[in-house]
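>>> Sequence first, then the predicted structure:
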Amino acid sequence: MAYNPIITIGRQYGSGGRAVAKKLAEIMNIAFYDKELLAEASKESGICQEVMENYDEKQEKRSFFSMMGLQGRMDPAGMYLEMPLNHRIFLAQFDAIRKIADKGPCVIVGRCADYVLRDHENVLNVFIKSSMEERIKRITMLYDMDRMKAEETIRKADKQRATYYNYYATGTWGDVANYHLCLDTGVLGIDGAVELIRSAVELRRDKAEEDGIIW
């Protein structure tokens, strides 16, 4: 069996997680999915991509699991249509992530990909973090914001991502137990984080070969 690495990248807002993921995919010459994942999910589900982007990594309060209680009273198609839109979008992304991983090596950013692919043999789950000060610096430079606005934006984005992950993945966003590797770009820089992840992929491949999992 060939080794086809799948790298998932969770990230704090402003940590440079997307930049790390993008550069890693370029260096490894493998597919990269961020907003591209939404395009795949939209194509498969028929849900407009613009709508998906509006709900991207956001969660509403209506319970997904309460919808599951309807299963015995309606056909699967009816049950799906009765779900809140954000849950249908999550399921569409869930299916898209699994199909993408089955195609071959890739880097996937966010959207509970580590949870969705938790049973995948070749997955490496990474979380990118940085100090608040470093993230404020990055956001003020990228988006020409003042310091106060940048910090407010960071806290809001982190809260949305945490709420989304904690709800759909039934875990805790940023908890080291969910990841194989946690890196601080404030300490390592973007290039350093990329190099460490690439090295970790090679080490994982070597161990898989030693264990007789791949050949």
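Okay, I see it. Remember, it's a predicted structure, so these values are computed and weren't measured experimentally. Residues are numbered from 1 along each chain as shown.
>>> What residue, apart from its backbone neighbours, is nearest V109 spatially?
Nearest in space to V109, with sequence neighbours left out and distances taken as CB to CB, 6 or more residues apart in numbering, is D34 at 4.2 Å. For the C-beta atoms, the positions are set from N, CA and C on the backbone; glycine is no exception.
>>> what about that neighbour, neighbour count?
D34 is flanked by 18 other residues according to other CB atoms under 10 Å.
>>> Distance check, V201 against I27.
Distance of V201 to I27, computed by CB to CB, to the nearest Å: 11 Å.
>>> Next: H180.
According to CB to CB, H180 stands 19 Å off from I27.
>>> between these two, who's got more neighbours?
Comparing H180 with I27 by neighbour count (other CB under 10 Å), the higher total belongs to H180, at 16 against 13.
>>> Show the contacting residues for the more buried one.
L124, N125, V126, A200, R204 (CB atoms under 8 Å, 6 or more residues apart in numbering).
>>> Pick out the lowest-pLDDT one from these.
For the contacts of H180, the least confidently modelled position is R204, at 90, judged by pLDDT.
>>> isn't that residue right next to V123, touching?
No - R204 is not in contact with V123 according to CB atoms under 8 Å; the separation is 9.3 Å.
>>> Give me the below-cutoff pLDDT ranges for the protein.
Scanning the chain with the threshold set as pLDDT under 70 gives 1, 59-82, 214-215.
>>> related to what we said a few turns ago, I'd like the contacts of H180 as CSV, with distance to E134 and neighbour count appended.
Below are the contacts of H180 laid out as CSV (distance: CB to CB, whole Å; neighbours: other CB atoms under 10 Å):
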residue, distance to E134, neighbour count
L124, 24, 22
N125, 22, 20
V126, 18, 25
A200, 22, 17
R204, 28, 18
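>>> State whether C182 is indeed within a strand.
Yes - with DSSP: H, G, I helix; E, B strand; the rest coil as the criterion, C182 is assigned to a strand.
>>> Just give the number of residues close to it.
Considering only other CB under 10 Å, C182 is surrounded by 15 other residues.
>>> residues touching it, list them.
Going by CB under 8 Å, 6+ apart, C182 touches V126, F127, I128, K129, V176.
>>> Perfect, that will be all.
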